[in-house]
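*Asks:* just to be clear, the model below is a prediction. Sequence and coordinates:
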Amino acid sequence: MDFIKEGIEPFIKALNYNIFALGEARITPLSIIYLALLTWMLFYLSNKLRGVLVEHALKHTNLDVGARQAIGTVTRYLLLALGLLIILQTVGINLTTLNVVAGAVGIGVGFGLQNIASNFISGLIILTERPVKVGDRIEIDDVDGMVTAIGARSTKVKTNDNVTIIVPNSKFISENVVNWSFDNRMIRFHVPVGVAYDSDVNLVKKLLLKVAHKSRDVLDEPAPSVRLKKFDESALHLELWVWSESKMQSKSVLFSDINFAILEEFRAHDIEIPFPQTDLHIRSGQFELKDNSILVVDEAEN
């Protein structure tokens, strides 16, 4: 037994070695291990509690997914803040002795960590004001996709190509954000169409409305409509306006289906879809065919 005791004593002394003092608290390897273990448990349990709160406790309420995610995330942050304070007190660290450390951290935030602090505060604003929610279809810069998660520093957006893009939270506060499903998932889409000048525009309008009413993804109310937008050099430009809820997450699929149907109807009714072309008018002269090419000869030279 003495041999075992003699072998353990150096290990115990090493664990209780005083690395430095923080106020009246002695920081030892054992206290660091204890602090790291409790902190890991706090993060693990708070994350589990957030999952239970979002997926079970709040699932039977009238709250949508975004609201449940926001409540769960804010609750987790509060638990982490309270838990860290309790852990520090348990280890023996007096919070009043951290004033100097807090001042140093404040300087660090002002100089090197301002982006992290900005993204964290922006994340809290997003979770409380909820301009963007989990499940929303958004566009910001070149990012177009569905919000899948809102974190402390960034928001995850999944595109239709199943690619997840990490967007810093500060972008949602400082830049313009297009939210396709902010308070209503019913969206009006504009499908551009060009036809030749000699086309029967009334027939074109009738065919476009026929295509819209035949589509399963287009709502009957509000009713589809057709607008003549402008007169171009080689075409009449119209727009088919349709309302849809089912294709809000996949606009390109709706446009493709409608365009296929429009092309089929136009071909069946001999409606021409023009292409850019230029008319050349020769005011004088005559043509000569030479080497399978047309040569313009000025009459003044004859």
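*Replies:* Right, received. Where do you want to start? Values in this document were obtained by computation on a predicted structure and should not be read as measured data.
*Asks:* going forward, measure contacts and count neighbours with C-alpha atoms only.
*Replies:* Fine.
*Asks:* which residues in the stretch 101-250 of the chain form helices?
*Replies:* 114-129, 169-174, 201-214 (DSSP state H, counting those that start in this stretch).
*Asks:* hey, least reliable of those helices by pLDDT?
*Replies:* Note on those: lowest mean pLDDT is at helix 114-129, with a mean of 80.
*Asks:* from the chain's centroid, how far away is that helix?
*Replies:* Helix 114-129 sits 16 Å away from the centroid of its parent chain (CA atoms, centre = their mean, to the nearest Å).
*Asks:* circling back to that earlier point, make a markdown table out of the helices of the stretch 101-250 of the chain and add distance to Glu239 and mean neighbour count.
*Replies:* Formatted as a markdown table, the helices of the stretch 101-250 of the chain follow (distance: least, CA to CA, whole Å; neighbours: other CA atoms under 10 Å):
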| stretch | distance to Glu239 | mean neighbour count |
| --- | --- | --- |
| helix 114-129 | 36 | 18 |
| helix 169-174 | 32 | 19 |
| helix 201-214 | 9 | 17 |
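*Asks:* for those, give me a markdown table that also has distance to Lys230.
*Replies:* Formatted as a markdown table, the helices of the stretch 101-250 of the chain follow (distance: least, CA to CA, whole Å):
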| stretch | distance to Lys230 |
| --- | --- |
| helix 114-129 | 41 |
| helix 169-174 | 36 |
| helix 201-214 | 13 |
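*Asks:* what's the closest of these to Asn62?
*Replies:* Closest approach to Asn62 among these is made by helix 114-129 (17.6 Å; CA to CA).
*Asks:* can you list the residues that contact that closest one?
*Replies:* If you take CA atoms under 8 Å, 6 or more residues apart in numbering as the criterion, helix 114-129 is touched by 70-71, 73-74, 109, 132-133, 150-154, 168-170, 172-173.
*Asks:* among these, name the buried ones.
*Replies:* Those of the contacts of helix 114-129 that meet the buried threshold are 70-71, 73-74, 132-133, 150-154, 168-170, 172-173, by 16 or more other CA atoms under 10 Å.
*Asks:* which ones among these are found in strands?
*Replies:* Ile150, Ser154, Pro168 (DSSP state E).
*Asks:* who's the second one bridged to?
*Replies:* In this case it means Ser154. Per DSSP bridges, the residues bridged to Ser154 are Pro168.
*Asks:* surely it meets Pro168?
*Replies:* Yes. Between Ser154 and Pro168 there is a contact at 4.3 Å, judged by CA atoms under 8 Å.
*Asks:* name the single longest helix found in the protein.
*Replies:* helix 65-91 (DSSP state H).
*Asks:* what is that one packed up against?
*Replies:* When contacts are defined as 3 or more CA pairs under 8 Å, 6 or more residues apart in numbering; DSSP states H and E, helix 65-91 sits against helix 29-52, helix 114-129.
*Asks:* now tabulate these in TSV and tack on distance to Asn162.
*Replies:* Shown next, in TSV, are these (distance: least, CA to CA, whole Å):
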stretch	distance to Asn162
helix 29-52	24
helix 114-129	24
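*Asks:* for stretch 59-71, could you pull out the residues that count as buried?
*Replies:* For stretch 59-71, burial by neighbour count (16+ other CA under 10 Å) applies to Gly66, Ala67, Arg68, Gln69, Ala70, Ile71.
*Asks:* run through who's touching whichever strand or helix holds Asp257.
*Replies:* Asp257 belongs to helix 251-268 when assigned by DSSP states H and E. With CA under 8 Å, 6+ apart as the contact definition, helix 251-268 has outside contacts at Val191, Val204, Leu207, Leu208, Val211, Ala212, Ser215, Asp217, Lys247, Glu272.
*Asks:* roughly how far is it from the heart of the chain?
*Replies:* 28 Å.
*Asks:* restricting to C-alpha, output that helix in CSV.
*Replies:* Extracted as CSV, the C-alpha positions of helix 251-268 are listed here (Å, rounded to 0.1, in the frame of the first residue of the first chain):
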residue,chain,number,x,y,z
LYS,A,251,-39.1,28.9,-59.5
SER,A,252,-37.1,27.5,-62.5
VAL,A,253,-39.2,24.4,-62.6
LEU,A,254,-42.4,26.4,-62.9
PHE,A,255,-40.9,28.6,-65.6
SER,A,256,-39.7,25.6,-67.5
ASP,A,257,-43.1,23.8,-67.4
ILE,A,258,-44.9,26.9,-68.5
ASN,A,259,-42.4,27.6,-71.3
PHE,A,260,-42.7,24.1,-72.7
ALA,A,261,-46.5,24.4,-72.7
ILE,A,262,-46.4,27.8,-74.4
LEU,A,263,-44.0,26.5,-77.1
GLU,A,264,-46.4,23.6,-77.8
GLU,A,265,-49.4,25.9,-78.1
PHE,A,266,-47.7,28.4,-80.3
ARG,A,267,-46.4,25.8,-82.7
ALA,A,268,-49.9,24.2,-82.9
